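[1] Fold the following, please.
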Amino acid sequence: MPKNQFRMLRSALPGVEAVEAETPHSFARHTHEQFGIGLVSSGAQKSLSGRGMVEAEAGDIITVNPNEVHDGAPIGERRSWRILYFDPEIVTGLSQEIGPGRSEIPHPVIRDAAMAGRFETLFYATASAADGLLCEELLLQLVADVMREGGGSEERPPVPSSIRAARDLIDDDPLAAVSLADLSRESGLSRFQLLRGFARATGLTPHAYLIQARIHIARRLIAQGTPLAEAAFASGFADQSHMTRVFVRKYGLSPRLYAGAFL
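    Below you'll find the model as predicted:
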């Protein structure tokens, strides 16, 4: 079996991506623009989450919220999982239908055999273009499951206004060249205060956050069918090789493999 085995499956649902993985790879800190709901199918892993360090083993549901910094490393030699990534408006829309309350999934790891079974059914229904009504029912139930799980967990604390101002400077134009002095001036903090506060509030240094914002742009362009070299240039990378290295380091699969799921 290959050292790293990732499959990006064709999804029958708009705004939903389906991925299977089996790997010993340790992922650097990164974020997704989407909600992620998955299932560990073998082995175990440990990871940073918005709630601190957590561990998940075979049979556990794993989740991630949009722009939540996380990483992941195997416990033992390797682990495998299946995961669905949802455009944010899908989950937030369903969550509002279910009832007032959360805008985020409260727990990064959930042990619930019935929920795991519903996820498995939805995953294969999504990847096999199953009946649309069935997919709708399964998706609504899964979102209800993960949103209500655990009752009273608090959402992540808000980012301080000074750090938010610096973060917004990057978000407003991720392709622009920006210096620590620019971010310091925008935040009203010294460069050292800004660097320390930014990493504490977001989980990433300003440079890592900028690169993550650019890889999000690249991912969207690739999904739209943009040739890889053009996507690299349009998202601010030096060349396609640079984009590919960042993409693989953060997501485990290559841009070319990712693009293949949209052909």
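[2] So for the helix or strand harbouring residue 85, mean pLDDT?
    Element membership for residue 85 (DSSP states H and E) is strand 79-86. In this model, strand 79-86 has a mean pLDDT of 96.
[3] Show me what that strand is packed up against.
    Counting contacts by 3 or more Cβ pairs under 8 Å, 6 or more residues apart in numbering; DSSP states H and E, strand 79-86 packs against strand 16-23, strand 35-42, strand 44-49, helix 113-127. (Glycine included, C-beta is placed from N, CA and C.)
[4] so what pLDDT did residue 129 get?
    68.
[5] how about the strands of this protein, start to end?
    Assigned by DSSP state E, the strands in the chain fall at 5-9, 16-23, 27-30, 35-42, 44-49, 52-57, 61-64, 70-74, 79-86, 109-110.
[6] out of those strands, nearest to residue 178?
    strand 27-30 (19.6 Å; Cβ to Cβ).
[7] buried ones in the closest one?
    Buried residues in strand 27-30, counted by 16 or more other Cβ atoms under 10 Å: 27, 29-30.
[8] Report the contact partners of the nearest residue to residue 233 once chain neighbours are set aside.
    In this structure, residue 233 finds its nearest non-sequential neighbour in residue 239, 8.0 Å apart by Cβ to Cβ, 6 or more residues apart in numbering. Residue 239 makes contact with 229, 232-233, according to Cβ atoms under 8 Å, 6 or more residues apart in numbering.
[9] middle-most residue in the chain, spatially?
    The residue lying closest to the centre of the chain (Cα atoms, centre = their mean) is residue 32, at 2.7 Å.
[10] low pLDDT regions in the stretch 101-250 of the chain?
    101, 129-130, 149-156 (pLDDT under 70).
[11] What ranges does it have for its helices?
    Counting by DSSP state H, counting those that start in this stretch, the stretch 101-250 of the chain has helices at residues 113-127, 132-148, 161-172, 180-187, 191-202, 206-223, 228-234, 240-251.
[12] between the ones you listed, which one is nearest to residue 21?
    helix 240-251 (9.7 Å).
[13] contacts for the closest one?
    So helix 240-251 is in contact with 27-28, 30, 211-212, 214-215, 218-219, 228-229, 231-232, 235, 237, 253-255, 258, going by Cβ under 8 Å, 6+ apart.
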